[in-house]
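K.L.:
predicted model follows, preceded by the sequence.
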Amino acid sequence: MFSPPPPPVAHVAARGRPTVVGVHVFPTNFAAGHRAFIRFRLTGLHRRATARVQIQRPVRGNGGRTSWKTIQTIERGAATGSNGVSFNGEVKGRRLARGSYRVSVVWNVSAPRTAPFRII
């Protein structure tokens, strides 16, 4: 007699490369000096590591191409699963100017994931 195949195991896929998933900024629009939360989820290795959260501003290049300049890096110990960092819209003690920015999250050798936000 044949036995049915074992059910798929969900955690096997999580043992691959470290990956950043689902980066969000809440609220998306906020005034400098007020608190916003940067939420992200990490999958991959089952150990703590350092996550780098980068605040970036747009820089206009030649031909209308936009690149991004990192203006602040926040390093936090993070574990697999949900993580978060608070951000008050200030860099080196100075409030950010009004405009569009983005946050980029990198964990170990993962590809960076980004989310936009706006200072009003």
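P.N.:
Yep, it's here.
K.L.:
tell me, what residue is most central in this protein?
P.N.:
Centrality entry for the chain: nearest residue to the mean C-alpha point is Val105, 3.0 Å, by C-alpha atoms, centre = their mean.
K.L.:
which residues sit in contact with that one?
P.N.:
For Val105, the set of contacting residues under the criterion of C-beta atoms under 8 Å, 6 or more residues apart in numbering consists of Val20, Val23, Ile38, Phe40, Ala51, Arg52, Val53, Gln54, Pro112, Arg113, Thr114. Backbone N, C-alpha and C define where each C-beta goes, glycine included.
K.L.:
so which of those residues sit within strands?
P.N.:
Within the contacts of Val105, residues falling in strands by DSSP state E are Val20, Val23, Ile38, Phe40, Ala51, Arg52, Val53, Gln54, Arg113, Thr114.
K.L.:
from the chain's centre, how far out does the helix or strand Phe117 falls within sit?
P.N.:
In the assignment (DSSP states H and E), Phe117 maps to strand 113-119. Using C-alpha atoms, centre = their mean, to the nearest Å, we find the averaged C-alpha position of strand 113-119 to lie 9 Å away from the chain's own average C-alpha position.
K.L.:
list of residues touching that strand?
P.N.:
The contact list for strand 113-119, computed with C-beta under 8 Å, 6+ apart, reads 20-25, 28-32, 36, 38, 40, 56, 89, 95-105.
K.L.:
kindly recompute the last result at 7 Å.
P.N.:
By C-beta atoms under 7 Å, 6 or more residues apart in numbering, the residues outside strand 113-119 that reach it are 20, 23-25, 28-29, 31-32, 36, 89, 96-105.
K.L.:
that one: partners in the sheet, and parallel or antiparallel?
P.N.:
If you go by DSSP bridges, strand 113-119 pairs up with strand 29-30 (parallel), strand 99-107 (antiparallel).
K.L.:
got the contact list for the closest residue to Asn83 other than its chain neighbours?
P.N.:
Nearest non-adjacent residue to Asn83, counting by C-beta to C-beta, 6 or more residues apart in numbering: Phe40, 5.8 Å away. By C-beta under 7 Å, 6+ apart, the contact list for Phe40 reads Val20, Gly22, Val23, Asn83, Val105.
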